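> okay, structure incoming, though there's no sequence with it:
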């Protein structure tokens, strides 16, 4: 199977869905020249009517998409940075998420908000967040968070065809990552987690860019310390495939949850509590979470002291196993995209 970049997988999904359905269009600031490389050739292929550059107003962009979705279109919004979705929070969290319910199901809002997320590129507090919890606590939104090119393409195609608003969190640090992607059409269903690595000692539930880091940590721990990690990638946070997570925990008896959101009130906290409620009797040790500190993400050198680091993952694994420090010896480094 061919291997392509994460950003090219997103681009292919957009091309295929825009070619398949003329009601699909892309809208956002500078989407014709997307800085993340996901919109290459779209403007040339589909023109300004379907690849629409806008003024700097997320409220207007997202609000127009809500109206267009109600009218029968399938808009795809690109916010450039996930942080900027907050500028259109009223349209997204109140209108898009709730109107299908408040109108008794008489309307549909099939729209996708693509939100490039994540840190490790030293872009500062307003350009580096993974704000999953903001969307998770808002009923009515579906949330996809792909960690591989395969998942990015398949999940985005599924998102565009869904009749509900979908938040599509594509991590900036993954844009250049390569992986196998079929040339034939395929979809990745929502609510189906993927076991990225099978293991026996500790279940590690990881999201987005954290999946890649967890896989690297798992390789070192296996080789240097004979510790076997099973890595579960939820792929979608809403709907969440809790059954796959619970089955893994019942097997390994240990759980570490790794997520780039803040440790307080983030996905790691929610997933940990769900496991406590549903599989407490299977756990041989308290659950550990590895997440961002409860602090604004600083720019430059200080970023590393707030965002999750590989050694912190290894430390959490050691803690649940009752082992002394499992030193990675600097073999895994969280590198930025820029």
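Arrived safely. Treat the numbers as computed from the prediction; the structure is a model and nothing was measured.
> what about residue 150, helix or strand, and which?
Assigned by DSSP states H and E, residue 150 falls within helix 149-161.
> before we move on, what about residue 76?
Using DSSP H and E, residue 76 falls within strand 74-78.
> run me through the strand neighbours of that strand, direction for each.
Strand pairing for strand 74-78, using DSSP bridges, gives strand 24-28 (parallel), strand 112-117 (parallel).
> tabulate the ones you listed (CSV), appending distance to residue 334 and mean pLDDT.
C-beta here means a position set from N, CA and C on the backbone, and glycine is covered the same way. CSV is the format used below for those (distance: least, C-beta to C-beta, whole Å; pLDDT from 0 to 100):
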stretch, distance to residue 334, mean pLDDT
strand 24-28, 28, 97
strand 112-117, 15, 97
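> ok, which of these comes nearest residue 300?
Among the strands paired with strand 74-78, strand 112-117 comes nearest to residue 300, with 19.6 Å by C-beta to C-beta.
> what's the helix or strand just after the closest one in contact with?
Next along the chain after strand 112-117, taking DSSP H and E as the criterion, comes helix 132-136. The contact list for helix 132-136 (C-beta atoms under 8 Å, 6 or more residues apart in numbering) reads 86, 93, 141, 143, 145, 167, 169, 207, 237-238, 259, 261-262, 265-267, 270.
> ok now stretch 133-152, how far from the chain's centre?
How far stretch 133-152 lies from its chain's middle: 5 Å, per C-alpha atoms, centre = their mean, to the nearest Å.
> may I see the buried residues of that stretch?
Neighbour counts using 16 or more other C-beta atoms under 10 Å place 133-136, 138, 140-152 of stretch 133-152 among the buried residues.
> shaky segments in this protein?
For the chain, the stretches with pLDDT under 70 are 337-338.
> please enumerate the helices of it.
For the chain, the helices defined by DSSP state H cover 6-20, 42-46, 58-70, 89, 97-102, 132-136, 149-161, 209-225, 242-252, 267-279, 310-321.
> centroid residue for the protein?
The centroid of the chain falls nearest to residue 145 when counting by C-alpha atoms, centre = their mean (2.3 Å).
> contacts only, for the closest residue to that one other than its chain neighbours.
Sequence neighbours aside, residue 169 is the residue nearest to residue 145 in space, at 4.5 Å (criterion: C-beta to C-beta, 6 or more residues apart in numbering). Residues near residue 169 by C-beta under 8 Å, 6+ apart: 82, 115, 117, 130, 132, 143-145, 208.
> look up how far residue 170 lies from the residue nearest to the centre of the chain.
8 Å (C-beta to C-beta, to the nearest Å).
> can I get the contacts of residue 169 in CSV with distance to residue 183?
Formatted as CSV, the contacts of residue 169 follow (distance: C-beta to C-beta, whole Å):
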residue, distance to residue 183
82, 30
115, 27
117, 28
130, 31
132, 31
143, 28
144, 22
145, 25
208, 25
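> would JSON lines of the helices of the chain with distance to residue 109 be doable?
JSON lines is the format used below for these (distance: least, C-beta to C-beta, whole Å):
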{"stretch": "helix 6-20", "distance to residue 109": "17"}
{"stretch": "helix 42-46", "distance to residue 109": "22"}
{"stretch": "helix 58-70", "distance to residue 109": "4"}
{"stretch": "helix 89", "distance to residue 109": "16"}
{"stretch": "helix 97-102", "distance to residue 109": "6"}
{"stretch": "helix 132-136", "distance to residue 109": "15"}
{"stretch": "helix 149-161", "distance to residue 109": "13"}
{"stretch": "helix 209-225", "distance to residue 109": "29"}
{"stretch": "helix 242-252", "distance to residue 109": "26"}
{"stretch": "helix 267-279", "distance to residue 109": "24"}
{"stretch": "helix 310-321", "distance to residue 109": "38"}
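> return the most buried member of those helices.
Mean neighbour count (mean count of other C-beta atoms under 10 Å) peaks for helix 149-161 among the helices of the chain, with a mean of 25.
> coming back round to it: nearest to residue 52, of the contacts of residue 169?
Nearest member of the contacts of residue 169 to residue 52, counting by C-beta to C-beta, is residue 115, at 17.6 Å.
> turn the strands paired with strand 74-78 into CSV, including distance to residue 233 and mean neighbour count.
Formatted as CSV, the strands paired with strand 74-78 follow (distance: least, C-beta to C-beta, whole Å; neighbours: other C-beta atoms under 10 Å):
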stretch, distance to residue 233, mean neighbour count
strand 24-28, 26, 23
strand 112-117, 15, 28
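> and these as CSV, adding distance to residue 287?
Below are the strands paired with strand 74-78 laid out as CSV (distance: least, C-beta to C-beta, whole Å):
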stretch, distance to residue 287
strand 24-28, 38
strand 112-117, 24
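> just checking, residue 278 touches residue 240?
No: using C-beta atoms under 8 Å, residue 278 and residue 240 do not qualify as a contacting pair, with a distance of 11.9 Å.
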